[in-house]
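Colleague: would you be able to build a 3D model of this:
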Amino acid sequence: QVQVVESGGGLVQPGGSLRLSCAASGSIFSIYVMGWYRQAPGKQRELVATLSSSGRTSYADSLKGRFTISTENAKNTVYLQMDSLKPEDTAVYYCNGVVSARDSENTPRNYWGQGTQVTVSS
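Modeller: Presented below is the predicted three-dimensional model:
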């Protein structure tokens, strides 16, 4: 089994910064992509940023310049650095991994974390 676990959410004032972490663990054969999504109350889940195994990054247009995704490959971990936070960034942030497990090496699957709450408020 593969697990994806987020951490680092919390309450921050507008203009502040926060860093989220996401670690993939378990019976991992290969990680293809890891990324962050978010879901605000009453809204659909949306892409925040992704990072492929080749190092390619992708961001939601509205977040470019404020959010940065990075990795620590040796630990199968990705980070989301969020700067200049706004109240509209308030959401549950989910980590996603496209991962193939050791018992199904040719079949990558989506794995989701449980989500971590980020609240931007004064």
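Colleague: how deep is L63 tucked in, by neighbour count?
Modeller: By the criterion of other Cβ atoms under 10 Å, L63 has 19 neighbours. C-beta coordinates here come from the backbone N, C-alpha and C atoms, glycine included.
Colleague: so what's it scoring on pLDDT?
Modeller: In this model, L63 is scored at 93, pLDDT.
Colleague: wait, isn't it in contact with V48?
Modeller: Yes - counting by Cβ atoms under 8 Å, V48 is a contact partner of L63 at 6.2 Å.
Colleague: residues in contact with V78?
Modeller: Contacts for V78 (Cβ atoms under 8 Å, 6 or more residues apart in numbering) come out as S21, C22, M34, G35, W36, L51, I69, S70, T71, E72, C95.
Colleague: 6 Å instead, please
Modeller: C22, M34, L51, T71 (Cβ atoms under 6 Å, 6 or more residues apart in numbering).
Colleague: dump the residues you listed into JSON lines; add distance to Q114 as well.
Modeller: Formatted as JSON lines, the contacts of V78 follow (distance: Cβ to Cβ, whole Å):
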{"residue": "C22", "distance to Q114": "11"}
{"residue": "M34", "distance to Q114": "15"}
{"residue": "L51", "distance to Q114": "20"}
{"residue": "T71", "distance to Q114": "20"}
